[in-house]
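Visitor: Any chance you can model this:
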Amino acid sequence: MCRTLALIVGALVVTQSVQADRAELEELVVIGEKNSRTYELADTVDIAPDSATLLRKAVGANIVSNGPLTGIAQIRGMSRYRINTQINGAVISAGGPNWMDPPLSYAPAAHLESLEVYRGIAPVCAGQESIGGVINAKTWDGEFGDGALKLAGRARTGAHSVDNGTVLSAAVSLGGEHHKLRLSGLTESADDAEFQGGKLLPTRYQRDRFDVGYGFRMGAHTLQLDYGRSETGNSGTPALPMDIQYIDANLARIGWTYASEAVEVQAKLHYSDIGHGMTNYHLRQAPMAEGMWRRNIAVGESLGFAVSARMGGWTVGVDGHDEVHDSDIDNPNNPMFFVRNFNHAERTVLGIFVEREQRFGDGWMAQLGVRYNNVSMDSDSVDATPAAMGMPPAVALRDRFNGADRSSTDHNFDWVVKVTYRTSMELAYYAGLSRKSRSPSYQERFLWLPMQATAGLADGLTYTGNLGLDPEVAHEVELGLDWEREGLLLAPRIFYRGVNDYIQGTASADMPALMFVQMMNAMNGAANPLPLQFNNVDAKLYGFDVDWAYELNERWSLNGVVNYVRGKRDDVDDNLYRVAPLNAFVALNYAAGRWGLTLESFWNDAQRKVSDTNGELRSSSYELFNLHGFWQISGNVRLGFGVNNLADKRYADHLGGVNRVRGNADLPVGERLPGYGRSAFARLDVEW
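Guide: So this is what the prediction gives:
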């Protein structure tokens with residue numbers, strides 16, 4: 001259905017009239033304050049399917065990649081649940097327990113309009129549990145008309161060689177003064193990708209998307225209704241123990257805005273219903289023993305709301321988010337086998353906040369905010385074949401979990417103080433101080449049997465949860481300046497974040513869990529490591545990042561970022577897991593009217609500060625070069641083209657994980673997953 005819709009809408013787009021000429025070169029045009037960066041993506045030329053890949057060019061950010069559609073955002077060393085990620089202002093909880101569908105996967109790159117990244121301390125109004133930062137992805141929403149009906153839209157088609165990938169997307173809106181209707185569709189797919197020396201198995205993917213939206217505007221009031229259907233088919237995740245068989249998601253959103261000169265009020269309600277199937281046999285080489293075949297069927301449902309009002313420098317609001325998860329594991333070769341992994345695991349957050357922005361003195365501005373979040377969690381009882389058959393350690397784990405008080409309530413308080421002092425139009429100094437908190441995820445609290453269902457950690461280790469976990473509490477200080485003069489922009493920041501009760505897997509002292517893994521090893525002739533347990537430790541993260549740009553003349557320009565973060569535990573002499581090393585991005589841009597070229601360089605230092613607890617491998621340094629270009633064929637038709645990894649260099653990104661797939665002659669199990677080889681691509685965009 002999505003493919004048919006995209007073809008129809010694409011044909012409509014090509015017949016439309018020409019719009020004003022556009023020939024901008026930069027792929028990421030930055031607007032707004034230096035502490036939150038909005039990356040406008042209308043002029044990108046690459047066709048990577050995963051929106052998270054764009055974070056490699058964002059100051060302070062990076063991507064933890066477990067597969068071609070499974071990129072997890074990282075900001076200053078924190079990722080997964082520690083990043084509040086929103087799609088058009090809505091929080092979408094991943095449907096699967098191992099985050100094969102992280103939040104950004106519900107904003108495909110082909111539909112993305114902008115990506116807002118809070119570089120450091122996010123204001124309390126930006127969202128709940130923003131201990132590691134906030135990202136808000138915005139997709140194209142169509143336009144109202146000024147009187148007569150206005151037809152607008154965009155279409156894209158493209159291909160890349162490294163995996164024979166293709167994309168076809170289109171969106172069209174019909175808007176008048178009071179009403180607006182929008183339709184959009186997307187289909188994209190690829191084969192297994194190549195690297196210098198072989199193929200990555202499996203890295204194929206298939207995804208279709210359909211969206212419909214209706215807007216109503218009357219005076220100061222705007223109402224928006226949206227529905228989206230996302231269908232992901234066979235897609236590989238070589239850093240994880242299973243691959244995607246399907247992810248079917250229904251996404252709905254209702255938003256209302258009232259805006260006058262005196263006050264702005266926003267209210268939104270969002271809902272998601274996600275069904276997710278994954279296996280360890282249908283895309284990768286199946287286990288030799290049929291008794292080890294596994295299929296996991298997971299269902300995730302979430303409902304959230306937010307209401308806020310902004311008036312005279314004050315912002316107040318309330319918000320909430322409820323998610324419920326079920327996960328059942330079976331074996332298609334043995335109908336008697338089952339694991340009730342998560343059973344109605346529920347997590348509810350209700351928040352209230354107040355924030356004040358105040359200008360005072362000459363050039364001074366302050367932002368102060370406080371937030372309270374009430375986090376309640378609960379789970380129904382669980383069971384599994386080993387326990388049902390009387391295996392003593394499994395029985396002990398099940399009965400202890402089922403007999404415990406599984407309900408909990410946390411009372412979390414956050415506050416933020418940010419001060420900016422502008423001495424001139426060219427120079428401003430910045431300082432920020434905050435307290436942020438996060439309660440455990442449902443995996444960290446309710447994982448009762450040693451498993452790898454860890455929201456994308458991908459360290460190959462089994463974990464058990466901990467019903468007694470305390471919330472994480474982080475105190476952060478951030479200092480920096482913004483300097484702009486004669487074409488040069490320089491915006492450095494240094495930061496220090498101390499985290500009390502950081503949730504980390506540590507060596508388990510739980511005898512039933514240890515005995516269970518030992519007995520399973522003996523039964524299956526395996527040598528799996530002993531399990532970890534999620535526990536509270538103390539940790540710290542500190543470092544710096546620099547955002548810069550320099551306009552050489554009317555045609556030549558440079559821009560780039562430098563990022564460094566160090567993550568350490570305070571309770572033992574060890575490092576935090578899967579933290580990006582020192583890295584830098586530099587782009588040399590040339591624009592000549594209707595065409596332009598960009599030469600990109602990505603440099604990553606070696607990462608030697610790895611986690612012994614997680615068995616993390618060290619990584620080597622590397623540098624990559626990409627060449628991108630565009631040709632504005634006409635006012636509304638634009639061709640993008642380029643080559644990524646020009647030198648066809650073999651490299652392994654530290655955040656790319658290690659290979660968990662057996663049977664690949666080109667890549668042993670346990671070796672770092674190499675990055676993609678040389679890839680030529682082309683993309684055609686039509687807008688009106």
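Visitor: quick one, strands of the stretch 1-150 of the chain?
Guide: Ranges of strands within the stretch 1-150 of the chain are 29-31, 36-40, 61-65, 71-75, 78-79, 84-87, 90-91, 112-118, 134-139, 150-160, based on DSSP state E, counting those that start in this stretch.
Visitor: Identify whichever of those strands lies nearest to N98.
Guide: Distance to N98, taken as CB to CB, is lowest for strand 71-75 among these, at 10.8 Å. Backbone N, C-alpha and C define where each C-beta goes, glycine included.
Visitor: Now the closest one: average pLDDT?
Guide: For strand 71-75, mean pLDDT rounds to 95.
Visitor: Stretch 269-289 too?
Guide: Average pLDDT, stretch 269-289: 96.
Visitor: Kindly check the end-to-end length of it for me.
Guide: Start-to-end span of stretch 269-289 (CA to CA, to the nearest Å) is 47 Å.
Visitor: Any regions of the stretch 1-150 of the chain where pLDDT drops low?
Guide: Applying pLDDT under 70 to the stretch 1-150 of the chain flags the ranges 1-34, 40-43.
Visitor: the helices in it, which residues?
Guide: For the stretch 1-150 of the chain, the helices defined by DSSP state H, counting those that start in this stretch occupy 2-14.
Visitor: what about the strands of the stretch 1-150 of the chain, which gets the closest to H344?
Guide: strand 90-91 (19.8 Å).
Visitor: For D570, find the nearest of the strands of the stretch 1-150 of the chain.
Guide: Closest to D570 of those, according to CB to CB: strand 78-79, at 15.8 Å.
Visitor: quick one: strands adjacent to that closest one?
Guide: Paired strands of strand 78-79, with direction, are strand 71-75 (antiparallel) (DSSP bridges).
Visitor: follow-up on the earlier one: closest one to S508 among the strands of the stretch 1-150 of the chain?
Guide: Per CB to CB, nearest to S508 of the strands of the stretch 1-150 of the chain: strand 78-79, 23.2 Å.
Visitor: can you list the residues that contact the closest one?
Guide: Contacts to strand 78-79, defined as CB atoms under 8 Å, 6 or more residues apart in numbering, come from residues V64, I72, A73, I131, G132, G133, L541, R578.
Visitor: Let me know how buried the fifth one is, in neighbour terms.
Guide: G132: 28 surrounding residues under other CB atoms under 10 Å.
Visitor: Switch the strands of the stretch 1-150 of the chain over to TSV, and while doing so, append mean neighbour count and distance to Q367 to every line.
Guide: Listed next are these as TSV, based on neighbours: other CB atoms under 10 Å; distance: least, CB to CB, whole Å:
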stretch	mean neighbour count	distance to Q367
strand 29-31	15	19
strand 36-40	19	11
strand 61-65	26	21
strand 71-75	27	19
strand 78-79	26	21
strand 84-87	23	17
strand 90-91	24	22
strand 112-118	21	12
strand 134-139	24	14
strand 150-160	21	35
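Visitor: Ok, which of these comes nearest M451?
Guide: M451 lies closest to strand 71-75 among these, at 18.9 Å (CB to CB).
Visitor: angle of the closest one against strand 112-118?
Guide: Between the axes of strand 71-75 and strand 112-118, defined by axes from the mean of the first three to the mean of the last three CA atoms, to 10 degrees, the angle is 30 degrees.
Visitor: How far off centre is strand 71-75?
Guide: Centroid displacement of strand 71-75 relative to its chain, using CA atoms, centre = their mean, to the nearest Å, is 5 Å.
Visitor: got the CA coordinates for that strand in PDB?
Guide: Extracted in PDB, the C-alpha atoms of strand 71-75 (Å, rounded to 0.1, in the frame of the first residue of the first chain):
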ATOM      1  CA  GLY A  71      20.600   3.500  15.600                       C
ATOM      2  CA  ILE A  72      20.400   4.700  19.200                       C
ATOM      3  CA  ALA A  73      21.200   8.300  20.000                       C
ATOM      4  CA  GLN A  74      24.100   9.100  22.200                       C
ATOM      5  CA  ILE A  75      24.800  12.600  23.800                       C
END
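Visitor: neighbouring contacts of that strand?
Guide: 50-53, 55, 60-66, 79-80, 83, 85, 99, 102, 104-105, 117-119, 132-133, 135, 456, 579-580, 655.
Visitor: ok, 6 Å please
Guide: For strand 71-75, contacts defined as CB atoms under 6 Å, 6 or more residues apart in numbering pick out 50, 52, 55, 60-65, 79-80, 83, 102, 132-133, 135, 456.
Visitor: quick one: it to strand 61-65, angle?
Guide: Here strand 71-75 runs at an angle of 150 degrees relative to strand 61-65 (the same axes, to 10 degrees).
Visitor: Save the strands of the stretch 1-150 of the chain as CSV, and put in distance to A384 too.
Guide: Below are the strands of the stretch 1-150 of the chain laid out as CSV (distance: least, CB to CB, whole Å):
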stretch, distance to A384
strand 29-31, 50
strand 36-40, 45
strand 61-65, 29
strand 71-75, 28
strand 78-79, 29
strand 84-87, 32
strand 90-91, 31
strand 112-118, 41
strand 134-139, 36
strand 150-160, 43
